[in-house]
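K.L.:
A structural model of the following input is requested.
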Amino acid sequence: MLWPRIRVNLGRDVELTRALAPLLTTPENAQWDILWSREHPMRGGSGVRPLLPDALWYLAAESATVLESRTAPGARRGSGTHDG
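P.N.:
Take a look at the predicted model:
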């Protein structure tokens with residue numbers, strides 16, 4: 001498992017592709033899941049968009065999110081190139 005990643009956007013709303021953000025790439029057969037977000041409605045936020053593997057990622061203005069990499073559904077363990 002990778003260390004969790006923290007996304008912080010101190011500016012305006014942003015849409016980005018994972019290709020433009022290499023620190024957001026995951027090992028083969030993995031995906032990012034949201035562990036915590038300042039934008040969660042329970043914290044007074046406007047909601048969190050899902051993290052789709054091949055879609056644009058939306059970063060709300062002045063927000064913070066903690067991500068964790070997990071094995072993608074249907075992926076076989078041990079079939080990637082980043083096995084430990």
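
K.L.:
so which strand or helix has the residue most central in space within the chain?
P.N.:
Centroid check for the chain by Cα atoms, centre = their mean gives residue 32 as the closest residue, at 4.4 Å. If you go by DSSP states H and E, residue 32 is part of strand 30-37.

K.L.:
Show the subsequent helix or strand relative to that strand.
P.N.:
The helix or strand immediately downstream of strand 30-37 is strand 57-59, counting by DSSP H and E.

K.L.:
which helices and strands does the helix or strand following that following strand pack with?
P.N.:
Where DSSP H and E defines the elements, the next helix or strand beyond strand 57-59 is strand 63-71. Judged by 3 or more Cβ pairs under 8 Å, 6 or more residues apart in numbering; DSSP states H and E, strand 63-71 is in contact with strand 5-9, strand 30-37. Using the backbone N, CA and C atoms, a C-beta is placed for each residue, glycine as well.

K.L.:
Find the residue ranges of the chain scoring beneath the pLDDT cut-off.
P.N.:
1-3, 18-23, 53, 75-84 (pLDDT under 70).
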